[in-house]
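Q: Structure here, sequence nowhere to be found:
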């Protein structure tokens, strides 16, 4: 049997509903939607650590952050050269491998093990006129980064080769233009905000995104979520405004600008699909599309944020096109995770995922099976100092199909429990309800088990 080509398209900071196929009210993404419409929408897809560097490492290793060690956005360059990256396995299975785009595990742009072809940049990179590492060294390139990366992805898939390829294609969009220091903090002096290509500067002007019910006044949020009291107080400091104001946090303009940035991404996806089609590779290629973490539009008082365990932070758009296994128009309801990508790619390549991999191959779900699937999963976040107001906000959380328990590691008496069936927007914390005591007990037991397993015990 011919091995499929494998492509993962990863969008930075993409919220779960920031595609047409996942329900955005005005954003048009016809090419991304084609992946969903001609394949499967995984409608309950999640991140286990909703933050750039940890989750990228989780996607590549199939492991929880507790296991692979990239726990935050600190410049862990050396560790990112030693990850048990699934592309190393694909090379052993006869694949030509490529990484094109954002790496963001450390500020080192040099090639990582596991790739025959490498195009990347330091840390967050730049949106306009970036510096790429390609062809053995760094050089400045003129243009808009989404277009430049798409150029390189298209050129790569059009190459003639005598073996299957695996491409990890990681956009910088829709992340704002800002530079991160080696300690994980943001250099606010570099903040340029969302930068749109000139052709899309006025795209979606005047459009309105209807806010979710959980966008509530802070005093209402704190009644249900007392863990956030100190955070909200610290964010009032004038020094926080330099970043928040630059990206229009909590406004319709922020949402519009992000949508306009996605237009250039979608154009590039269209060019990539066309290149695969003209080279007669499209139907022999498994294409996975997702984001690297969620994003908040003011829900629960959170803006310019993605780290936290509420649905807006952990959910992702997740589409897979591979007609040899997936009927067009499929909708898959089981809870799938970003850590499931690595074992899926290895199995599709003809290999067997190693015991160190904690995700599960999605191939059974693609084939219409998966009746014995996961009933819960761990979400974890580790203390960091990227912003002064989030210090001490570590948590471990467990989500099932019906409930979510959030345990705040550094805080006492402020844990949260949500009945997701009755309260899908997580507005009513039922941690203290006597009727919910049995559920809380069961979830606590499950969380302890998941935390132990996450570190490999």
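A: Thanks, I have it. Please read all numbers here as calculations on a predicted model, not as lab measurements.

Q: how about the residue nearest the centre of the chain, what does it touch?
A: Nearest to the geometric centre of the chain sits residue 292, at 1.4 Å (C-alpha atoms, centre = their mean). With contacts defined as C-beta atoms under 8 Å, 6 or more residues apart in numbering, the neighbours of residue 292 are 10, 11, 12, 13, 14, 47, 52, 55, 56, 59, 170, 338. Placement of C-beta: from N, CA and C, glycine included.

Q: Please apply the same query to residue 266.
A: 28, 29, 30, 31, 32.

Q: And the buried ones among those, selectable in ChimeraX?
A: Of the contacts of residue 266, the buried ones go into a single ChimeraX selection, burial set by 16 or more other C-beta atoms under 10 Å:
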select :28,29,31,32
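
Q: Sitting in helices, which of the contacts of residue 266 do you find?
A: 30, 31, 32 (DSSP state H).

Q: who are the neighbours in contact with the second one?
A: Neighbouring residues of residue 31 by C-beta under 8 Å, 6+ apart: 266, 267, 269, 270, 273.

Q: Kindly report the same for the last one.
A: Going by C-beta under 8 Å, 6+ apart, residue 32 touches 19, 20, 21, 265, 266, 269, 289, 319.

Q: tell me the secondary structure for the last one?
A: In this case it means residue 319. At residue 319 the chain is in strand, as set by DSSP: H, G, I helix; E, B strand; the rest coil.

Q: Run a quick neighbour tally on it.
A: 25 (other C-beta atoms under 10 Å).

Q: how close does it sit to residue 335?
A: Distance of residue 319 to residue 335, given as C-beta to C-beta, to the nearest Å: 16 Å.

Q: For the residue lying closest to residue 45 once chain neighbours are set aside, the count of nearby residues, please.
A: Spatially, and ignoring its direct neighbours in sequence, residue 45 is nearest to residue 318 (3.3 Å; C-beta to C-beta, 6 or more residues apart in numbering). For residue 318, the neighbour count with other C-beta under 10 Å is 26.

Q: Then residue 371?
A: By the other C-beta under 10 Å criterion, the neighbourhood of residue 371 contains 7 residues.

Q: mind checking how far the longest helix along the chain is from the chain centre?
A: If you go by DSSP H, the chain has its longest helix at helix 252-278. Chain-centre distance of helix 252-278: 16 Å, with C-alpha atoms, centre = their mean, to the nearest Å.

Q: got the buried residues for it?
A: 254-273, 275-276.

Q: State the mean pLDDT of that helix.
A: The average pLDDT within helix 252-278 is 97.

Q: contact partners of stretch 402-414?
A: By C-beta under 8 Å, 6+ apart, the residues outside stretch 402-414 that reach it are 225-227, 309, 383, 392-398, 415-421, 426, 439-440, 443-444, 447.

Q: 7 Å instead, please
A: Contact partners of stretch 402-414, identified using C-beta atoms under 7 Å, 6 or more residues apart in numbering, comprise 226-227, 309, 383, 392, 394-398, 415-421, 439-440, 443-444, 447.

Q: Ok, stretch 122-139 next?
A: Stretch 122-139 has contacts (C-beta under 7 Å, 6+ apart) with 102, 104, 107-110, 118-121, 140-145, 148, 172, 175, 177-180, 195.

Q: what's the span of that stretch from first residue to last?
A: 12 Å (C-alpha to C-alpha, to the nearest Å).

Q: Pull out the buried positions in it.
A: 122, 123, 124, 125, 126, 127, 130, 132, 133, 134.

Q: residues touching residue 396, list them.
A: Residues near residue 396 by C-beta under 7 Å, 6+ apart: 378, 380, 407, 409, 447, 451.

Q: ok, now with 10 Å
A: For residue 396, the contact set (C-beta atoms under 10 Å, 6 or more residues apart in numbering) comprises 66, 309, 378-382, 405-409, 447-448, 450-451, 454.

Q: Only the buried members of these: can you turn that into a PyMOL selection?
A: To isolate the buried ones among the contacts of residue 396 in PyMOL, judged by 16+ other C-beta under 10 Å, type:
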select buried, resi 66+309+378+379+380+381+382+405+406+407+408+447+450+451+454
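
Q: So which of the contacts of residue 396 are in strands?
A: In this view, the contacts of residue 396 that belong to strands under DSSP state E are 378, 379, 380, 381, 405, 406, 407, 408.

Q: Pretty sure the second one sits against residue 339.
A: Looking back up the chat, that one is residue 379. No: between residue 379 and residue 339 there is no contact under C-beta atoms under 10 Å: 11.5 Å.

Q: and residue 80, how many neighbours?
A: Around residue 80 there are 23 residues (other C-beta under 10 Å).

Q: Apart from its neighbours in sequence, what residue is nearest it?
A: Residue 80's closest residue in space is residue 105 (C-beta to C-beta, 6+ apart), at 3.5 Å.

Q: now residue 67
A: Per C-beta to C-beta, 6+ apart, closest to residue 67 is residue 456, 5.6 Å.

Q: Before I go, just wanted to say thanks for your time.
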